[in-house]
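>>> Here is my input; please provide its structure:
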Amino acid sequence: MQAPKSLDALREIAESVAAVAAPDVTVLVGGRVKHMTRTMNDVLGDSFADVSATLARQKSRVLVARGPKPGASSFPRRQEHPDLGLTLCAHGAAFAGTKIDVGTRTLLGALDQMAPDAATALDLGCGTAVLAVLLARARPSLEVLAADQSAAAVASARATAEANGVVDRIRVVRDDAADSFPGASVDLVVCNPPFHVGAAVVTTAADRLFAAAGRVLRPGGELWTVYNSALRYKPALARVVGPTRVVEQTPKFTVTVSTRR
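Residues are numbered from 1 along each chain as shown. Next up is the predicted model:
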């Protein structure tokens, strides 16, 4: 396997493999030296008796793990957020884990302003489903959908919905940029798009999600999104969704609402 960026993702994979592996299994974890740390050895060592590292070759190396130590999985993790009355669940590869990232918290500040007459809402790129769960809890009559292309995010979203007593009110779907949703089918889209791939700042993922929102929104529907202020997405939002206004702007984050033409 290729070493994942997240130590929790590595831990969950190691636990899962150790639980089912033959006693003589060999696990090879490869990665670029600059992205690998001694802590990765320690994480693997919790699930395998023998962990070693090969010499570096062309700026990469391999960790070798043998001797599985089967045990119960420690995932999904759970964390209480008393300020929101929220229990957050996360599998290892889920973005932000059991924490709530600053962008999501900024968008939550506008929750009560979002499309008050909406009948259907979609949390697009839902991650652990913080937005979907709090929307469902605040508006009992709202049909809430949550979609993400990540299997870890989808599993985390379902666990979070169940932990907060709204599992019967949120439909969670593994989906890439709302491909499985019909056009003009929802009234409200909320989205905290990713803007990093590794250490690089990119706009590709956000552009795809914005275009998806424009497609699935009904005329007059709203897209509420938050993004790094330095990225200045407002012109792109106006182009692919419709008229866009800034609701809140800080040196770090901008919240906008775009209305579908």
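
>>> mind listing the strands for the chain?
In the chain, the strands defined using DSSP state E lie at 26-32, 48-53, 60-68, 77-81, 86-90, 120-124, 143-148, 170-174, 186-191, 196-197, 200-201, 217-228, 244-249, 253-259.

>>> which regions of the protein lie under the pLDDT threshold?
In the predicted model of the chain, residues 195-203 satisfy pLDDT under 70.

>>> again, only this time at 80
The chain contains residues with pLDDT under 80 at 195-204.

>>> Can you name the residues that contact the most centrally placed residue in it?
For the chain, Gly127 is the residue whose C-alpha lies nearest the centre (C-alpha atoms, centre = their mean; 2.6 Å). If you count contacts by C-beta atoms under 8 Å, 6 or more residues apart in numbering, Gly127 has them with Ala94, Phe95, Ala96, Thr104, Asp148, Ser150, Ala153, Ser156, Ala157, Asn192. (C-beta placed from N, C-alpha, C; glycine too.)

>>> contacting residues around the first one?
When you say that, I think you mean Ala94. Listed by C-beta under 8 Å, 6+ apart, the contact partners of Ala94 are Gly127, Thr128, Ser150, Ala152, Ala153, Ser156.

>>> Where neighbours are concerned, which of these has the most?
Thr128 (34 neighbours; other C-beta atoms under 10 Å).

>>> so who does Ala161 touch?
Under the criterion of C-beta under 8 Å, 6+ apart, the contact partners of Ala161 comprise Ala129, Ala132, Val133, Ala136, Ala146, Val167, Arg169, Ile170, Val172.

>>> give me that answer again for 10 Å
By C-beta atoms under 10 Å, 6 or more residues apart in numbering, the residues touching Ala161 are 89, 126, 128-129, 132-133, 136, 144, 146, 167-172.

>>> and if you look at Val166?
Neighbour list for Val166: Ala129, Ala132, Val133, Leu134, Leu135, Ala136, Arg137, Pro140, Val144, Thr160 [criterion: C-beta under 10 Å, 6+ apart].

>>> tell me the domain boundaries of the protein?
Annotated domains of the chain cover 7-68, 77-259 [automatic domain parsing].

>>> Point out the most buried one among these.
Highest mean neighbour count among the domains of the chain (mean count of other C-beta atoms under 10 Å): domain 77-259, with a mean of 19.

>>> now it, how far from the centre of its chain.
Domain 77-259 has its C-alpha centroid displaced from the chain centroid by 9 Å (C-alpha atoms, centre = their mean, to the nearest Å).

>>> Next one: Arg260 from Ser73, what distance?
The span separating Arg260 from Ser73 equals 42 Å under the rule C-beta to C-beta, to the nearest Å.

>>> should've said Asp117
43 Å.

>>> before we move on, back to that, any chance of the strands of the chain in TSV, plus distance to Thr39?
As requested, the strands of the chain are arranged in TSV below (distance: least, C-beta to C-beta, whole Å):
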stretch	distance to Thr39
strand 26-32	13
strand 48-53	12
strand 60-68	11
strand 77-81	17
strand 86-90	19
strand 120-124	32
strand 143-148	27
strand 170-174	30
strand 186-191	32
strand 196-197	21
strand 200-201	23
strand 217-228	28
strand 244-249	37
strand 253-259	30
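
>>> do you know which of those strands lies nearest Ala236?
Shortest separation from Ala236 across the strands of the chain is recorded for strand 244-249, at 9.0 Å, computed as C-beta to C-beta.
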